[in-house]
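**Q** Test case, fold it:
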Amino acid sequence: MLTRARLLLVGGLLAAAGCGGPDVDDPGYRREVQDAAATARGEVDALAAELGGRPRPSRDELVECEQAGEEGRRVAYSVRVEVGDAARAVAGNPLRDRYESRGWAVSYRGESTVLFQRAGTRLVLILDAATGTASVGGTGRCVA
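**A** Here you go, the predicted structure:
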């Protein structure tokens with residue numbers, strides 16, 4: 001009977017260990033994460049291109065996230081671009097209007113930060129007038 005109890009305990013531990021999150025080795029899961037990451041990177045790059053030039057990536061990594069109580073992965077990606085004086089005007093109403101017409105929720109935090117959100121993808125734009133740069137970053141949707 002002791003052997004059966006040990007087998008049940010070991011089986012229970014193995015089953016619990018398998019429930020801790022997504023199977024990151026599953027090709028379908030990896031493809032879904034990479035597709036969501038590519039979408040988020042494309043949105044960050046497109047926003048950065050509207051503001052300035054010479055983008056320099058500053059972060060590009062997959063991070064853990066949670067969706068409906070399930071563990072998952074999402075990309076965290078950001079670039080820094082050189083901007084001119086016109087960038088402040090670009091970050092105002094024309095940019096908001098373009099993004100809202102494409103289904104993005106847009107909100108402003110002060111005069112130098114703009115937040116964008118749509119379908120699990122979040123973008124943030126931070127203008128730094130002192131250095132003539134903008135940081136554009138975002139996270140993709142959480143794939144659980």
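**Q** Downstream of the longest strand belonging to the chain, the next helix or strand is which one?
**A** Looking across the chain with DSSP state E, the single longest strand is strand 52-67. Downstream of strand 52-67, the first helix or strand assigned by DSSP states H and E is strand 70-83.
**Q** Flag every buried residue along that next one.
**A** Within strand 70-83, the residues that qualify as buried are 72-81, 83, counting by 16 or more other Cβ atoms under 10 Å. Every C-beta, even on glycine, is put in place using the N, C-alpha and C of the backbone.
**Q** Without its sequence neighbours, what residue ends up closest to residue 102?
**A** In space, and not counting its chain neighbours, residue 102 is closest to residue 118: 7.7 Å by Cβ to Cβ, 6 or more residues apart in numbering.
**Q** now swap in residue 141 and tell me
**A** Nearest one to residue 141, counting by Cβ to Cβ, 6+ apart, is residue 120 at 2.9 Å.
**Q** what's the average pLDDT for stretch 61-75?
**A** The pLDDT scores in stretch 61-75 average 95.
**Q** In PDB, could you pull the C-alpha coordinates for it?
**A** C-alpha atoms of stretch 61-75 as PDB (Å, rounded to 0.1, in the frame of the first residue of the first chain):
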ATOM      1  CA  GLU A  61      12.200  40.400 -25.000                       C
ATOM      2  CA  LEU A  62       9.500  38.000 -24.200                       C
ATOM      3  CA  VAL A  63       8.100  38.500 -20.700                       C
ATOM      4  CA  GLU A  64       5.600  36.500 -18.600                       C
ATOM      5  CA  CYS A  65       2.100  37.800 -18.400                       C
ATOM      6  CA  GLU A  66      -1.300  36.600 -17.100                       C
ATOM      7  CA  GLN A  67      -4.600  36.300 -19.000                       C
ATOM      8  CA  ALA A  68      -7.800  35.100 -17.300                       C
ATOM      9  CA  GLY A  69      -5.700  33.500 -14.600                       C
ATOM     10  CA  GLU A  70      -3.500  31.600 -17.100                       C
ATOM     11  CA  GLU A  71       0.300  32.200 -17.400                       C
ATOM     12  CA  GLY A  72       1.500  33.300 -20.800                       C
ATOM     13  CA  ARG A  73       4.100  35.200 -22.700                       C
ATOM     14  CA  ARG A  74       4.100  38.600 -24.500                       C
ATOM     15  CA  VAL A  75       6.700  40.800 -26.100                       C
END
